[in-house]
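*Asks:* this is the structure alone, sequence omitted:
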């Protein structure tokens, strides 16, 4: 004669606890980390989002030399833009809480960090002719620099390339 050591309810609870434990073990073994925040550019009905560029995100703050490398690096998520379009920038609330600043081709485009999660700018502002009357560019690298509100250290750089169509 067999004896049931555990009731059906206790067995199911034990199996569920074991499954949760195994899942947590797998996640920790894979080196799972908290995902980085996301920045999004929307033009018309098309949205493009990206995490911070490789080696361009550190919650503790990026080294100043690394920030400059990240801002001047080529590449980024390509976004087709007509001069008549509105370019809408959106960031995760975590980025907005810290503050974010736009950089155009590696140069600061505004003085103070923006602290809202959304803003809209006419595309013509990105493709105007240079100060010396030069030709308007066909593409512009737009970087979003996330800065810690308290320490003023750079946390992350998110890159896009606006391409005039």
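*Replies:* Noted; the coordinates are in hand. Predicted model, so just to flag it, every value in this text is computed and none were measured.
*Asks:* and the residue nearest the centre of this structure?
*Replies:* By Cα atoms, centre = their mean, the chain has its centre lying nearest to residue 38, at 3.1 Å.
*Asks:* my read: that residue touches residue 50, true?
*Replies:* Yes - the criterion here is Cβ atoms under 8 Å, and residue 38 meets it with residue 50 at 6.8 Å. C-beta: built from backbone N, CA, C; applies to glycine.
*Asks:* joint contacts of these two?
*Replies:* Common contact partners of residue 38 and residue 50 (Cβ atoms under 8 Å, 6 or more residues apart in numbering): residue 158.
*Asks:* buried stuff in whichever strand in the chain runs longest?
*Replies:* In the chain, taking DSSP state E as the definition, the longest strand is strand 154-164. Buried residues in strand 154-164, counted by 16 or more other Cβ atoms under 10 Å: 154-162, 164.
*Asks:* of those residues, which pair is most distant in space?
*Replies:* 155 and 164 (30.3 Å; Cβ to Cβ).
*Asks:* thinking again about what came up before, residues touching the residue nearest to the centre of the chain, list them.
*Replies:* Residues near residue 38 by Cβ under 8 Å, 6+ apart: 49-51, 91-92, 158.
*Asks:* give me that answer again for 6 Å
*Replies:* Shown in contact with residue 38 (Cβ atoms under 6 Å, 6 or more residues apart in numbering): 49, 51, 92.
*Asks:* for residue 80, what are its contacts?
*Replies:* Residue 80 is in contact with 163, 165, counting by Cβ under 6 Å, 6+ apart.
*Asks:* can I assume it sits in a strand?
*Replies:* Yes - Residue 80 sits within a strand when classified using DSSP: H, G, I helix; E, B strand; the rest coil.
*Asks:* that's all I had, so thanks and see you.
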